[in-house]
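A.B. asks: got a predicted model here, sequence first, then my questions.
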Amino acid sequence: MNRLLIIALLLVSNNSFGQKSKMSFERLKALKMSYITERIGLTEAEESVFWEIYDQYEKRIFDDCRINIKNLRKTYMKSKDIMNNDKALEMIKKINALEQHALQLKVERDKSLLEKFSAVKILKMHHAEYHFNREMVYKMRKKQEDPKNN
């Protein structure tokens, strides 16, 4: 609980000074951790076990899949006007394979978490992740629409 209070204070103080910089990855991760921890209702003892497993799989998903998908999309953007159908089909297959791999890693993560936590907590985690992502997209859109008020 103390960790949540410290994170909240840091975020409030950071916003109160009016910094307009982009949100750092570490800050976003801290927000996500406190959001999910709060929604699931993890005890302090459960937190360390939960986040160790969760972070292990998130790192693998990021390293194995998200970086490669991002690179494929950059390649597409650079060559979209000259790309032939065969190359486009190959790129689609690679992206789909990477997304399938990411999904498999999430399935493995859930299995590992289910060994330590109830299915109810894992379902709450899914729900919290979904809502956290939606809130972040909403805030980003709002900021883009009216950047002077954020």
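C.D. replies: Thanks, I have it.
A.B. asks: okay, now the unreliable bits of this structure?
C.D. replies: For the chain, the stretches with pLDDT under 70 are 1-23, 147-150.
A.B. asks: just the helices in it please.
C.D. replies: Listed in chain order, the helices of the chain (DSSP state H) span 2-16, 25-40, 44-61, 67-79, 85-114, 119-145.
A.B. asks: and this protein, what are its domains?
C.D. replies: Following automatic domain parsing, one finds the domains of the chain at 1-40+127-150, 50-117.
A.B. asks: I'd like those domains as CSV, with mean neighbour count appended.
C.D. replies: Just so you know, the C-beta spots here come from the backbone N, C-alpha and C atoms, and that holds for glycine as well. Formatted as CSV, the domains of the chain follow (neighbours: other C-beta atoms under 10 Å):
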stretch, mean neighbour count
domain 1-40+127-150, 12
domain 50-117, 14
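A.B. asks: how close does residue 123 sit to residue 140?
C.D. replies: 26 Å (C-beta to C-beta, to the nearest Å).
A.B. asks: what's the distance between residue 134 and residue 144?
C.D. replies: Taken as C-beta to C-beta, the span from residue 134 to residue 144 is 16 Å.
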